[in-house]
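Colleague: dropping a prediction and its sequence here:
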Amino acid sequence: MKSLLITSGLIQITFAVFQGWLIAAMYGGVIKRFGPIVNAKRVLQCHIDNILMSLLQFAIAAVHPAIPEGAGWLIIIGSWVNAQLFLVHATSTGGYVQNRAVSLVTLASFMTLTIGYPWLLIAWLRLP
């Protein structure tokens, strides 16, 4: 599981690096939109969240000696989905997409981390 968390974190931070180019182009006035993406503020939030979530995956892999596989998968899935929800909202000039499916995915994503992190904590506290 450590290897999966590190791999996921490396992919996610690489994705954030490439997003940096899009942010620079949008804020620099080079482009106003990139395909359906029109809200630079939301792209920036996605970029920052991708960086933070990747760092959290690295930290868990570095310090937790016995990561439960289920908790690890919840962290990976939640880390990716949470961050990318900002890209969904970047398709709206107002910065927010009101859609039942998006709301359900948001709820499911938050639940993965709400379950995953306490699960990691309990596993940590049970270590000898």
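Modeller: Okay, I see it.

Colleague: next, count neighbours for W21.
Modeller: Per other CB atoms under 10 Å, the neighbour tally for W21 reads 11. (Each C-beta comes from the backbone N, C-alpha and C, glycine too.)

Colleague: residue contacts, V43?
Modeller: 19, 22-23, 26, 37, 86-87, 90 (CB atoms under 8 Å, 6 or more residues apart in numbering).

Colleague: ok, and the closest non-adjacent residue to I67?
Modeller: M1 (4.5 Å; CB to CB, 6 or more residues apart in numbering).

Colleague: quick one: contacts for the one you found?
Modeller: Contacts of M1 (CB under 8 Å, 6+ apart): 61, 67-69, 72.

Colleague: I'd assumed Q45 was in contact with Q19.
Modeller: No - using CB atoms under 8 Å, Q19 is not in contact with Q45; the gap is 10.4 Å.

Colleague: mind listing the helices for the protein?
Modeller: Secondary structure of the chain (DSSP state H): helices at 2-27, 40-63, 69-89, 100-125.

Colleague: measure V17 to L44 for me?
Modeller: Distance from V17 to L44, counting by CB to CB, to the nearest Å: 14 Å.

Colleague: actually L85, not the one I typed
Modeller: 14 Å.

Colleague: what's the burial count for W124?
Modeller: W124 has 14 nearby residues by other CB under 10 Å.

Colleague: now that I67 has come up, it's in contact with K2, right?
Modeller: Yes - counting by CB under 8 Å, I67 does reach K2; the two are 6.5 Å apart.

Colleague: and for the residue nearest the centre of the chain, nearest residue in space, chain neighbours not counted?
Modeller: The centroid of the chain falls nearest to A83 when counting by CA atoms, centre = their mean (3.1 Å). Once flanking residues are discounted, A83 sits nearest to D49: 3.9 Å by CB to CB, 6+ apart.

Colleague: likewise for W124?
Modeller: H64 (6.3 Å).

Colleague: ditto for L74
Modeller: Among residues not flanking L74 along the chain, G116 sits closest, at 3.2 Å (CB to CB, 6+ apart).
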